[in-house]
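Peer 1: when you get a sec, could you give me coordinates for this:
(6 chains)
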Protein chains: 6
Amino acid sequence: MKPETTAKVANNAITKGDVLAAARIAGIQAAKRTAELMPMCHPVLVGSVAVNFSIGDDYVEIEASVETVDRTGVEMEAMTACTIAALTVYDMCKSADRTMTIDGVALWEKSGGRSGHWQRPRPTPGAEPPGSGSLPT
Amino acid sequence: MKPETTAKVANNAITKGDVLAAARIAGIQAAKRTAELMPMCHPVLVGSVAVNFSIGDDYVEIEASVETVDRTGVEMEAMTACTIAALTVYDMCKSADRTMTIDGVALWEKSGGRSGHWQRPRPTPGAEPPGSGSLPT
Amino acid sequence: MKPETTAKVANNAITKGDVLAAARIAGIQAAKRTAELMPMCHPVLVGSVAVNFSIGDDYVEIEASVETVDRTGVEMEAMTACTIAALTVYDMCKSADRTMTIDGVALWEKSGGRSGHWQRPRPTPGAEPPGSGSLPT
Amino acid sequence: MKPETTAKVANNAITKGDVLAAARIAGIQAAKRTAELMPMCHPVLVGSVAVNFSIGDDYVEIEASVETVDRTGVEMEAMTACTIAALTVYDMCKSADRTMTIDGVALWEKSGGRSGHWQRPRPTPGAEPPGSGSLPT
Amino acid sequence: MKPETTAKVANNAITKGDVLAAARIAGIQAAKRTAELMPMCHPVLVGSVAVNFSIGDDYVEIEASVETVDRTGVEMEAMTACTIAALTVYDMCKSADRTMTIDGVALWEKSGGRSGHWQRPRPTPGAEPPGSGSLPT
Amino acid sequence: MKPETTAKVANNAITKGDVLAAARIAGIQAAKRTAELMPMCHPVLVGSVAVNFSIGDDYVEIEASVETVDRTGVEMEAMTACTIAALTVYDMCKSADRTMTIDGVALWEKSGGRSGHWQRPRPTPGAEPPGSGSLPT
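Peer 2: You can find the predicted model right below:
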């Protein structure tokens, strides 16, 4: 992402509107509809969904966390929230910058459930920022 | 993606079912619903949607192409098809391999419309494979 | 369908509500969402959708007709309207009658478009009533 | 259904793609959205959904089974899966064969819940194959 | 609303069809999809939804009640049912009467849940009729 | 609406998040899905959708305008955008203020199309603010 695009996002100067507000809501809404999008995903009543952003020089990092009291894991909901939020950022910035890419969409942490706590092995230093992760709660 | 996971995908040996068939359909269906997912995307009647896969040693490459006769560009539809197809691959393989990441989602080529033909500058040799691109038709 | 069930439908005496009104609207709404339901169906802006019923001794016959000015045929929209209307009848009557079946869903007539006018060959006398057909307009 | 059409389906030779894979996924996805399609259907979190096919000389038989831990029955989900799968088969084969019909959509078996186990009375010999039924689990 | 429009609604004489039947179903269907419409609404499995109408001289009063066994309140589901039902009335009558307004959409009563029973303070005499309220059950 | 609630909305101090950003996006998204919500509404490809707010002492006024090049009017899309935006405001503020009402949802101006330009007759002075209207373009 070009530095001038991230600057515009940070200053809410993209002409299509408030990019991060739109991306956050798009991510939250997509999390709730994950089972409609993934054929083999069970429907689940998601509880809280959080989508957060941090803006770097030439990237926007997106973290999503999803909670549920249902019996199924919700990592697909979190990853769907991340990717749809990222696509929304792309959509709203694309007239300024067509070469943006979405990278590093990954599961960062998962807790609760049958399979217990899991955390992604630390990436090597200098690796690209994660696109998805569970926030500590 | 672990080589044994790509091998299972290639041999249709994932217990959740035919991964590429499910991912293709998920991608096609998502392309048709892009405007429901992206707040600032105009609804458009997509014409043909193609989602294709090539399986490498440790990755599955996904290419989507979308055509329309409408007045709006359909790159968001193609990129949505790619990411939802990729998430479907993740969903169906995640019990075997939690460390998969989705990388390199990008616009590869766009033609027609007001803005004319556009092609992504060649990546440097050795770069990761593209997640998204327009197939020649 | 048991004769006492068709009688209740005709007299609007099913406890779940007005069966034919609900089935008509369910059919119309489903016609508009056909492309979300059929993976290989192109989205199309349907124009008028009509769903009509005639009640026989032991069946409810459903006819749907759909019009469009778009370039694609809309027979899937008409057949989707018919089947969803039929399933709605089933759903609202099932506590009274679990043995109902849905039969004879078929394309009856199609006109306009590249493939020209087509009419289903006459069924042999005594055959079951059609579940789907294009009304003359 | 014409025997040459069932042969093409069996050999995955329909130009629109893998018919049974598409129909299976369409059926599964529709089962999850049943309450959106049937006005009087309560939303329910469906658990496993299975859609299976057997190809006869001149028909494709479709069986769907749905499980849930919720308090409501899921026969409408199974019947919706069957009909949408059947319509998907129709859609993908219709350019080759317009006279196909969908017949015998019916509830075959239901277990659990307040109303206990129920099994459809045996059809008379030679009757048409069922469109819907609960697989033994 | 013009008195001649309410008369037509009462006599089922609106050319677009049975207004109250369509509005009731639209309201019920919308209640089930509230979380898709409101970004910050948690998905909830709604139980019974009732939408009722009373026709006055120059207005149609709409009351919706929603029940659930889930942990979340369902007032948004009831208010969504009311407003979508009201918009459906508007849509089907608008060719006869463009000056209709939707007024007084409000929460009337809520019971159960952490926050206990709540009832709207009595409006002053002569105030407009409520657009939404919980029916006694 | 209580003055302290409007103040919180204006100062972006509602704990559930940025109310007007969420309401705007909810309204825009709902406009695109109007035909799914209103049974007798024809699907239409909406073009630009604008949802704007002005905050008064004890109310939030919402104006929506929708444009299309399709053959059908889009007043239902604008009114749906307004009411869903209003419900979103209600949803995000309801823990602070349960007595809010939605009033004055009305068509304010319509231009283009067969029926020509139409403007709502001026309300009498002191009347409540409109909930919906076409912005001049």
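Peer 1: run through the strands of chain A in chain order.
Peer 2: A:49-55, A:60-66, A:109-110, A:118-119 (DSSP state E).
Peer 1: quick check: mean pLDDT across stretch A:36-54?
Peer 2: Stretch A:36-54 carries an average pLDDT of 96.
Peer 1: how about stretch A:7-18?
Peer 2: 96.
Peer 1: quick check: residue A:29 touching residue E:33?
Peer 2: No - Residue A:29 sits out of contact with residue E:33 when judged by Cβ atoms under 8 Å, with a separation of 11.7 Å. The C-beta positions use only the backbone N, C-alpha and C, and glycine is treated the same way.
Peer 1: so which of the strands of chain A is nearest chain B?
Peer 2: strand A:118-119 (6.7 Å; Cβ to the nearest Cβ).
Peer 1: quick one: list the elements packing against the closest one.
Peer 2: Helices and strands touching strand A:118-119, by 3 or more Cβ pairs under 8 Å, 6 or more residues apart in numbering or on different chains; DSSP states H and E, are strand A:109-110.
Peer 1: out of everything not next to it in sequence, what's closest to residue A:15?
Peer 2: Excluding its sequence neighbours, the residue lying closest to residue A:15 (Cβ to Cβ, 6 or more residues apart in numbering or on different chains) is residue A:95, at 7.9 Å.
Peer 1: what's the neighbour count on that neighbour?
Peer 2: 12 (other Cβ atoms under 10 Å in any protein chain shown).
Peer 1: I'd like to know how far it sits from residue A:57.
Peer 2: According to Cβ to Cβ, to the nearest Å, residue A:95 and residue A:57 sit 21 Å apart.
Peer 1: including mean neighbour count, could the strands of chain A go into a markdown table?
Peer 2: Shown next, in a markdown table, are these (neighbours: other Cβ atoms under 10 Å in any protein chain shown):
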| stretch | mean neighbour count |
| --- | --- |
| strand A:49-55 | 18 |
| strand A:60-66 | 24 |
| strand A:109-110 | 18 |
| strand A:118-119 | 14 |
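Peer 1: residue of chain A closest to chain E, please.
Peer 2: For chain A, Cβ to the nearest Cβ, closest residue to chain E: residue A:25, 4.7 Å.
Peer 1: for the nearest residue to residue A:97 once chain neighbours are set aside, give me its contacts.
Peer 2: Distances taken as Cβ to Cβ, 6+ apart put residue A:5 closest to residue A:97, at 4.5 Å, once the chain neighbours are dropped. Residues near residue A:5 by Cβ atoms under 8 Å, 6 or more residues apart in numbering or on different chains: A:93, A:96-97, A:100.
Peer 1: may I see the PyMOL selection of the buried members of the residues you listed?
Peer 2: Remark: buried members of the contacts of residue A:5, expressed as a PyMOL selection using 16 or more other Cβ atoms under 10 Å in any protein chain shown:
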select buried, chain A and resi 93+96+100
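Peer 1: among the strands of chain A, which comes closest to residue C:44?
Peer 2: strand A:49-55 (33.4 Å; Cβ to Cβ).
Peer 1: that closest one near chain E at all?
Peer 2: No - judged by Cβ under 8 Å from any Cβ of the partner chain, strand A:49-55 stays clear of chain E, getting no closer than 9.1 Å.
Peer 1: can you check which helix is longest in chain A?
Peer 2: Secondary structure of chain A per DSSP state H: the longest helix is helix A:75-93.
Peer 1: elements contacting that one?
Peer 2: Partner elements for helix A:75-93 (3+ Cβ pairs under 8 Å, 6+ apart): helix A:3-10, helix A:19-32, helix A:34-37, strand A:49-55, strand A:60-66, helix B:75-93.
Peer 1: between the strands of chain A, which gets nearest to residue E:85?
Peer 2: Distance to residue E:85, taken as Cβ to Cβ, is lowest for strand A:49-55 among the strands of chain A, at 28.7 Å.
Peer 1: enumerate the residues of chain A near chain E.
Peer 2: Contact residues (Cβ under 8 Å from any Cβ) of chain A with chain E: A:25, A:28-29, A:32-33, A:45-47.
Peer 1: how about a cut-off of 6 Å?
Peer 2: A:25, A:28-29, A:32, A:45 (Cβ under 6 Å from any Cβ of the partner chain).
Peer 1: center of chain A - which residue?
Peer 2: Centroid-nearest residue in chain A, with Cα atoms, centre = their mean: residue A:82, separated by 1.9 Å.
Peer 1: residues near residue A:80, how many?
Peer 2: 31.
Peer 1: so how far is residue F:90 from it?
Peer 2: For residue A:80 relative to residue F:90 (Cβ to Cβ), the value is 27 Å.
Peer 1: residue A:105 now?
Peer 2: 35 Å.
Peer 1: of the two, which one has the most company?
Peer 2: residue F:90 (27 against 24).
Peer 1: so who does the more buried one touch?
Peer 2: residue F:100 (Cβ atoms under 6 Å, 6 or more residues apart in numbering or on different chains).
Peer 1: residue A:55 now?
Peer 2: Contacts of residue A:55 (Cβ under 6 Å, 6+ apart): A:6, A:10.
Peer 1: may I have the beta-bridge partners of it?
Peer 2: Beta-bridge pairing for residue A:55 (DSSP bridges): residue A:60.
Peer 1: mind checking how far the closest residue to residue A:53 other than its chain neighbours is from residue F:89?
Peer 2: Distances taken as Cβ to Cβ, 6+ apart place residue A:20 nearest to residue A:53, at 5.2 Å, with adjacent residues excluded. Taking Cβ to Cβ as the measure, residue A:20 falls 20 Å from residue F:89.
Peer 1: between those two, tell me which one has more neighbours.
Peer 2: The neighbour comparison of residue A:20 against residue F:89 (other Cβ under 10 Å) goes to residue F:89, with 26 against 23.
Peer 1: okay, the strands of chain A in JSON lines with distance to residue E:111 next?
Peer 2: Output for the strands of chain A, formatted as JSON lines (distance: least, Cβ to Cβ, whole Å):
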{"stretch": "strand A:49-55", "distance to residue E:111": "28"}
{"stretch": "strand A:60-66", "distance to residue E:111": "30"}
{"stretch": "strand A:109-110", "distance to residue E:111": "38"}
{"stretch": "strand A:118-119", "distance to residue E:111": "42"}
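Peer 1: residue A:29 and residue E:33: who's more crowded?
Peer 2: residue A:29 (25 against 20).
Peer 1: for chain F, see how far away the more buried one is.
Peer 2: For residue A:29, the distance to chain F (Cβ to the nearest Cβ, to the nearest Å) stands at 8 Å.
Peer 1: ok, residue A:9 next?
Peer 2: 14 Å.
Peer 1: now that residue. Nearest residue, chain neighbours left out?
Peer 2: Nearest to residue A:9 is residue A:19, by Cβ to Cβ, 6+ apart, at 4.9 Å.
Peer 1: repeat that for residue A:117.
Peer 2: residue A:111 (4.5 Å).
Peer 1: how far away is that neighbour from residue A:68?
Peer 2: Relative to residue A:68, and taking Cβ to Cβ, residue A:111 is found at 12 Å.
Peer 1: so these two - more neighbours on which side?
Peer 2: Higher neighbour count among residue A:111 and residue A:68: residue A:68, with 17 against 13, using other Cβ under 10 Å.
Peer 1: wait, the more buried one sits on residue A:74?
Peer 2: Yes - counting by Cβ atoms under 6 Å, residue A:68 touches residue A:74, with 4.9 Å between them.
Peer 1: the one residue in chain A that gets nearest to chain F and residue A:88, how far apart?
Peer 2: Distances between chain A and chain F by Cβ to the nearest Cβ are smallest at residue A:21, namely 3.8 Å. Distance of residue A:21 to residue A:88, given as Cβ to Cβ: 10 Å.
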